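Peer 1: sharing a sequence plus its predicted fold:
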Amino acid sequence: MRRKLIAANWKLNGSTAMASGLVGDIQDGLAELDNGVEVVIIPPAIYATLVNAALAESETSVGIQDVSRWNKGAYTGEVSAPMAHDVGCRYALVGHSERRELLGETDTLIADKVDNALSASLNVILCVGETEAQREAGAQDRVVGEQLKQGLSRVSDADWLRVVVAYEPVWAIGTGRTATAEDAQSVHAVIRQTLNGMGAPAEEMTLLYGGSVKPDNAKELFAQPDIDGGLIGGASLSAPDFLAICRAA
Ligand code: PEP
């Protein structure tokens, strides 16, 4: 039985007051949920300690939105994987499309980050997904396959079950356009096949869908055989919406 996971990506949103309030409301709601879903809150790095403290008594864990390719040294502004682990993070998001697009992150850099995060005992959520032009050209399976092969090229056999893959079609992120459940399922099946071909225990690995997941489309997406949960951006900033999505998992 694969584990079900819902991860909240707050992106560059939040404040001390907002983080405390939202985590409190989410905690209250999750206390009544018993569908076995694992929940991870991924705030901006500066709020990780605060969110971790607020989650202390619960099963919900905290993650970081990115880790540096370096672990320590003269790299001003960077936050390393060992530091994230040290302040209580359990997950690292790596390769989000906003970082690939806006900050020029390459698959080679992403492979370094995956390696650092796993070495620092973090679980990794690797984001993959095609652009609109790639989807229109029918290239989504090839693009996602390459991102997986390169981004996860250095994962050792012992670490596979600490890797989660999030399929996030770029054209669906923050746009209100969601992939149909059938289209999402079709790419998820390719992801599982690709992982299998890489020697990973693909049937046991958790695969997430992300891209404008909302309370009204979550159930149909999560009902697909290869979709084990979601990576939630905009809707994770509203406790009622996020809780409704957790309930749908
Ligand atoms: C994301 O940021 O990973 C995401 C899926 O965003 P949204 O849910 O807002 O599309």
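Peer 2: Perfect, I can see it now.
Peer 1: how about the contacts made by the closest residue to residue 41 other than its chain neighbours?
Peer 2: Nearest residue to residue 41 in three dimensions, chain neighbours excluded: residue 8, at 4.9 Å (Cβ to Cβ, 6 or more residues apart in numbering). All C-beta spots, glycine's among them, are computed from the backbone N, C-alpha and C. Listed by Cβ atoms under 8 Å, 6 or more residues apart in numbering, the contact partners of residue 8 are 26, 39, 40, 41, 42, 232, 236, 242.
Peer 1: let's go with 7 Å and repeat that
Peer 2: Counting by Cβ atoms under 7 Å, 6 or more residues apart in numbering, residue 8 makes contact with 40, 41, 42, 232, 236, 242.
Peer 1: how close does the closest residue to the ligand within the chain get to residue 177?
Peer 2: The ligand sits closest to residue 233 of the chain, with a gap of 2.1 Å, by Cβ to the nearest ligand atom. For residue 233, the distance to residue 177 (Cβ to Cβ, to the nearest Å) stands at 13 Å.
Peer 1: more neighbours: which of these two?
Peer 2: More crowded of residue 233 and residue 177, by other Cβ atoms under 10 Å: residue 233, with 23 against 12.
Peer 1: residues in contact with stretch 74-93?
Peer 2: Stretch 74-93 has contacts (Cβ under 7 Å, 6+ apart) with 9, 40, 42, 45, 48-49, 52, 61-68, 70-72, 116-117, 120-125, 127.
Peer 1: just the buried subset of those residues, please.
Peer 2: Buried by 16 or more other Cβ atoms under 10 Å: 9, 40, 42, 45, 48, 52, 61-68, 116-117, 120, 122-125, 127, out of the contacts of stretch 74-93.
Peer 1: just checking: which of these also lie near the ligand?
Peer 2: Contacts with the ligand are made by residue 9 out of those, judged by Cβ under 6 Å from any ligand atom.
Peer 1: helices of this protein, residue ranges please.
Peer 2: Using DSSP state H, the helices of the chain run over 16-30, 48-54, 81-86, 97-102, 107-119, 132-136, 140-151, 181-197, 215-222, 239-248.
Peer 1: if I look at the residue most central in space within the chain, how far off is residue 177?
Peer 2: Against the mean C-alpha coordinate of the chain, by Cα atoms, centre = their mean, the closest residue is residue 125 at 4.4 Å. Here residue 125 is placed at a distance of 22 Å from residue 177 (Cβ to Cβ).
Peer 1: which residues of this structure lie near the ligand?
Peer 2: Those residues of the chain that sit near the ligand, judged by Cβ under 6 Å from any ligand atom, are 9, 11, 168, 173-174, 210-213, 231-235.
Peer 1: tabulate the residues you listed (JSON lines), appending pLDDT.
Peer 2: Formatted as JSON lines, the residues of the chain next to the ligand follow (pLDDT from 0 to 100):
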{"residue": "9", "pLDDT": "98"}
{"residue": "11", "pLDDT": "98"}
{"residue": "168", "pLDDT": "98"}
{"residue": "173", "pLDDT": "92"}
{"residue": "174", "pLDDT": "88"}
{"residue": "210", "pLDDT": "97"}
{"residue": "211", "pLDDT": "96"}
{"residue": "212", "pLDDT": "94"}
{"residue": "213", "pLDDT": "97"}
{"residue": "231", "pLDDT": "98"}
{"residue": "232", "pLDDT": "98"}
{"residue": "233", "pLDDT": "98"}
{"residue": "234", "pLDDT": "97"}
{"residue": "235", "pLDDT": "98"}
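Peer 1: thanks again, I'm all set now.
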